[in-house]
Structure formats: structure tokens, C-alpha cells
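Enquirer: Build me a model:
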Amino acid sequence: MFKSLKSINLVSALAMVALFTTLQSSSCSKDDVTGTDPGNITGGWRVSLYWDNGTDESYKFSGYTFTFNSGGTVIAVKGASTINGTWSESSTRFVLSFGTDPVFSKLNHSWLKTEKTATTLKMKDDNPSKDEKLEFIKI
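Expert: Numbering: from 1, shown residues only. Next comes the predicted model:
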């Protein structure tokens, strides 16, 4: 009787380990890993909307072309003006950082993606009390 109880306990323990391992490995989707693969965001983009708490401030980025590079860098160019930053994304987030530049630091954020196609990238702040939106269109 003790031998069969030990066998049952061992089988139960092995089953629990197998279940835990399966759950652990499947709980993190490949898409949830932050990456810097530009995928369909290669090429030139422009800000089509930057909405900051009830005010359209898109004009601050007018004329800039944004280029997202595969190494996780982004460059915004307008004539002789070049602003360097970094970017990364996951399945739900798009993270931008332009350091302390007075205008571009407004884009520093872990944005919640609301739409991503080959020609548009739409994001918003995930805090409902903040009415911030950022949208890019491919040029």
C-alpha cells in the first residue's frame, strides 16, 4: 500500500512539474517581447497627429521625416535639423525616447498602440485621465 501511495505521489509531482513548465513557457508570447525590428515601419514617416490634453500640437513636428532604423534608433530630419532618438515595440506598446529635446521630449512615452498597418501607426496614452494621441503616416 505504501509503495502505491509513493508511486501516486511521484506521478502527481511529475504531472505538476510538467503543468507548471508548460504554463510558464506559454505565458509569454513571442509578440510580447520588446524588440527593435522595424517590420512594416521602414521608410519615411511623418506625424499626422499629436494631441496633447485637448490641444492639437501636430504643427510642432510639421516638416519632419521620421526614419525608424532596425538597430532601435529613430532619426527625425527637417532640412538641416536632425533629432536622434530610440524606439522599441511589443505587441501592444510603442516606446519612443528623444532625450531632453524641448519639443521632441513630448513624444517620450510608452505608447499604447491602437492601430498599426503598413501606412499608419496610431497610439494613445494608456492613462484615461490624459488625453494624448500620437499618429504617424507613411510618406
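Enquirer: can you pull the contacts of Lys124?
Expert: Applying CB atoms under 8 Å, 6 or more residues apart in numbering, we find Lys124 in contact with 111-112, 114, 132-134. To be clear about C-beta, it is placed using only N, CA and C from the backbone, and glycine gets the same treatment.
Enquirer: What values do phi and psi take at it?
Expert: Phi and psi for Lys124, reported as degrees, to the nearest 10, are phi -150, psi 160.
Enquirer: how near is it to Val103?
Expert: 20 Å (CB to CB, to the nearest Å).
Enquirer: tell me, how many neighbours does Leu121 end up with?
Expert: 24 (other CB atoms under 10 Å).
Enquirer: mind checking pLDDT for the residue nearest to it when sequence neighbours are not counted?
Expert: Setting aside the residues directly before and after it, Leu121 is nearest to Phe136 in space (CB to CB, 6 or more residues apart in numbering), at 4.4 Å. On the pLDDT scale, Phe136 is placed at 97.
Enquirer: ok, and Phe136, which helix or strand is that part of?
Expert: strand 132-138 (DSSP states H and E).
Enquirer: And that strand, what does it pack against?
Expert: Applying 3 or more CB pairs under 8 Å, 6 or more residues apart in numbering; DSSP states H and E, we find strand 132-138 packed against strand 44-52, strand 109-116, strand 120-124.
Enquirer: quick one: contacts of that strand?
Expert: Outside strand 132-138, the residues within contact range by CB under 8 Å, 6+ apart are 43-53, 66, 107, 109, 111, 118-125.
Enquirer: Could you pick out the buried ones from the residues you listed?
Expert: 45-48, 50-52, 66, 107, 109, 111, 121-125 (16 or more other CB atoms under 10 Å).
Enquirer: What is the most widely separated pair among those?
Expert: Using CB to CB, the buried ones among the contacts of strand 132-138 reach their maximum pairwise distance at Arg46 and Asp125, which is 20.5 Å.
Enquirer: burial measure for the closest residue to Asp52 other than its chain neighbours, as a count.
Expert: Once flanking residues are discounted, Asp52 sits nearest to Glu132: 5.6 Å by CB to CB, 6+ apart. Glu132: 19 surrounding residues under other CB under 10 Å.
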